[in-house]
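Visitor: sequence? don't have it. structure:
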């Protein structure tokens, strides 16, 4: 049996990663603080989450308005990538499979895909 | 290790290419290809991109590195972005970012709550990297060579 890819392992082990993907699926966000509070995370933990999610190509930071000339700092937003979208679809299928095997797997303590 | 020479940015790039190739990623660096007689840097860049079928471009941005021969490659990428010849998501700017130490760039919150990306290395021609981001390239932070290698492999696939 092949080992799962690291980004899948990361997302499966971090419920906030699921929530971040579900949040960004609704559209790009340009206020990190708003995202952080939606996820209910401490700022350092949120930074780490973004670090790994960006490194794994699941979310990305992108210029707010591409090609608009700026002098110096570039306004950016956070958005889900195609890989992130594919990961979210995989997670939803996994969630359905888990639900259908609920008795065999045992009682769950949280609905990880519920966005507050 | 005491007394061991410090690897240059070029050494690191060559090492990254070698490791990626071990993972069956078709990676290369311009310096790995021989110069041809009377070929300008731009001509060489275009030739390698075409011959190797390169579709994704990773820019290695360690904190404090010297950046010779920067203008040709960055200028060409900027031009390609502006003409929509290369999608922005196919250009990754891998900048060193350690929350406890060295940071080549960062994102910070400005009054009003929005976020901006900016270089923290003023005077090192990093304004070109900001321009690439401005035109759609993707900034990706790394804080160790292990992370950088992993992120490059993800980016390449």
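Guide: That came in fine, so what should we check first? Predicted model, so just to flag it, every value in this text is computed and none were measured.
Visitor: and the helix or strand of chain B with the lowest mean pLDDT, anywhere near chain A?
Guide: Scoring the helices and strands of chain B by mean pLDDT, DSSP states H and E places helix B:70-82 at the bottom, with a mean of 86. Yes: with CB under 8 Å from any CB of the partner chain as the criterion, chain A is reached by helix B:70-82 at residue B:82. In this view, the C-beta of every residue, glycine as well, is placed from N, C-alpha and C.
Visitor: could I get the buried residue list for that helix?
Guide: B:73-74, B:76-78, B:80-81 (16 or more other CB atoms under 10 Å in any protein chain shown).
Visitor: could you do stretch A:92-100 as well?
Guide: Applying 16+ other CB under 10 Å to stretch A:92-100 flags no residue as buried.
Visitor: outside of the least confident helix or strand of chain B itself, list whatever touches it.
Guide: Helix B:70-82 is contacted by residues A:67, B:30, B:41-42, B:45-46, B:57, B:59, B:86, B:88, B:91, B:125, B:128-129, B:131-132, B:135-137 when judged by CB atoms under 8 Å, 6 or more residues apart in numbering or on different chains.
Visitor: name the residue most distant from the centre of chain B?
Guide: Largest separation from the mean C-alpha position in chain B: residue B:112, at 30.9 Å (CA atoms, centre = their mean).
Visitor: list phi and psi for it.
Guide: Backbone torsions of residue B:112, given as degrees, to the nearest 10, read phi 100, psi -10.
Visitor: how far away is it from chain A?
Guide: For residue B:112, the distance to chain A equals 9 Å [CB to the nearest CB, to the nearest Å].
Visitor: doesn't residue B:58 belong to a strand?
Guide: Yes: using DSSP: H, G, I helix; E, B strand; the rest coil, the secondary structure at residue B:58 is a strand.
Visitor: run through the bridge partners of it.
Guide: Residue B:58 forms beta bridges with residue B:92, as assigned by DSSP bridges.
Visitor: can you list the residues of chain B near chain A?
Guide: B:82, B:88-89, B:97, B:99, B:107, B:109-110, B:113-118, B:127, B:130, B:133-136, B:138-143, B:147, B:150-151, B:154-155.
Visitor: helices - which of these land there?
Guide: Using DSSP state H to define helices, the subset of the residues of chain B next to chain A located there is B:82, B:127, B:130, B:133-134, B:147, B:150-151, B:154-155.
Visitor: one step back: distance of the residue farthest from the centre of chain B from residue A:33?
Guide: Here residue B:112 is placed at a distance of 11 Å from residue A:33 (CB to CB, to the nearest Å).
Visitor: repeat for residue B:31
Guide: Residue B:31 is 43 Å from residue A:33, by CB to CB.
Visitor: count of neighbours near residue 37?
Guide: The chain I'm using is chain A. Using other CB atoms under 10 Å in any protein chain shown, residue A:37 has 12 other residues around it.
Visitor: my bad, chain B
Guide: Number of residues near residue B:37 (other CB under 10 Å) recorded here: 4.
Visitor: re the thing from before, would you mind checking the residues of chain B next to chain A for buried ones?
Guide: By neighbour count, with 16+ other CB under 10 Å, the residues of chain B next to chain A hold B:88-89, B:97, B:107, B:115-118, B:127, B:130, B:133-136, B:138-143, B:147, B:150-151, B:154-155 as buried.
Visitor: how about the contacts made by residue 44?
Guide: Using chain A. Contacts of residue A:44 (CB under 8 Å, 6+ apart): residue B:99.
Visitor: that's the wrong chain, I wanted chain B
Guide: Residues in contact with residue B:44 (CB under 8 Å, 6+ apart) are B:30, B:33, B:35-36.
Visitor: that one: what secondary structure?
Guide: Under three-state DSSP, the three-state class of residue B:44 is helix.
Visitor: now it: how far from chain A?
Guide: Going from residue B:44 to chain A by CB to the nearest CB gives 28 Å.
Visitor: where in the chain is pLDDT low?
Guide: Using chain A. Residue ranges of chain A with pLDDT under 70: A:1-2, A:67-71, A:107-116.
Visitor: if you could check chain B rather than the one you did, that'd help
Guide: B:1-4, B:66-70, B:123-124.
Visitor: now the residue nearest in space to the middle of it. Nearest residue, chain neighbours left out?
Guide: Among the residues of chain B, the one closest to the centroid is residue B:59, at 0.6 Å (CA atoms, centre = their mean). Excluding the flanking residues, the one nearest residue B:59 by CB to CB, 6 or more residues apart in numbering or on different chains is residue B:93, at 4.7 Å.
Visitor: all set now, cheers.
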